[in-house]
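Got a sequence here, can you build the structure:
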Amino acid sequence: MSEFDITELSVCTVCIHLIANGEFDDGTDAAEKCAEGQAKIWGENAIHLVAGGHVEDCDGSEPCGCTEPWFSWSSCDGCGETLGGDRFHAAALIPQTA
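So this is what the prediction gives:
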C-alpha cells in the first residue's frame, strides 16, 4: 500500500520548470502567474508536485517517448493555464493522513 495519493498530471512548460528547478525566467511574469495558479489549485500540497510520472502504457523495457513533451489544447493540471502548448508528465504525491 502506498503512503501517498498519486495523481498523474499533464503540466505546461513553466510548471515543469518550477516543479523541477524551482525557477523559470523568460523575462515575463509567467513564473509568478504559474506559482499563483499552483497555489490556487493545490494549496499547501503544491510542494508535493514532482516532475515525471508513470505512464500506464510504458513498462520501461523499450524507448516509448513517454518522457517527451506533446502539444495539447487542454488546460495545465498544475497551474490551470488555458493556452495550448507543450505538456509534460508530472505527478502530485500527496501524503496520506491517518
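
In the protein, which strand is the longest?
Criterion DSSP state E: the longest strand present in the chain is strand 85-95.

what residues are up against Lys33?
14, 79, 81 (Cβ atoms under 8 Å, 6 or more residues apart in numbering). C-betas here are computed from N, CA, C, even on glycine.

Most neighbours among these, which one is it?
Counting neighbours by other Cβ atoms under 10 Å, Cys79 comes out on top of the contacts of Lys33 with 26 neighbours.

nearest residue to that residue other than its sequence neighbours?
Excluding the flanking residues, the one nearest Cys79 by Cβ to Cβ, 6 or more residues apart in numbering is Gly37, at 3.1 Å.

thought that neighbour was touching Thr82?
No - between Gly37 and Thr82 there is no contact under Cβ atoms under 8 Å: 10.1 Å.

Just the helices from the chain, written as ranges.
Counting by DSSP state H, the chain has helices at residues 13-21, 30-42.

what would those look like in TSV with mean pLDDT and distance to Trp73?
Listed next are the helices of the chain as TSV, based on pLDDT from 0 to 100; distance: least, Cβ to Cβ, whole Å:
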stretch	mean pLDDT	distance to Trp73
helix 13-21	95	15
helix 30-42	96	17
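
and Thr82, how many neighbours does it have?
Counted by other Cβ under 10 Å, the residues lying close to Thr82 total 10.

ok, now how distant is His48 from Asp25?
Computed as Cβ to Cβ, to the nearest Å, the His48 to Asp25 distance reads 24 Å.

Out of the two, name the residue with the larger neighbour count.
More crowded of His48 and Asp25, by other Cβ under 10 Å: His48, with 16 against 8.

Isn't the more buried one up against Ala90?
No - using Cβ under 8 Å, His48 makes no contact with Ala90, being 10.8 Å away.

thinking again about what came up before, from Leu49, how far out is the residue nearest to Cys79?
12 Å.

Give me the common contacts of these two.
Common neighbours of Gly37 and Leu49 (Cβ under 8 Å, 6+ apart) are Gly78.
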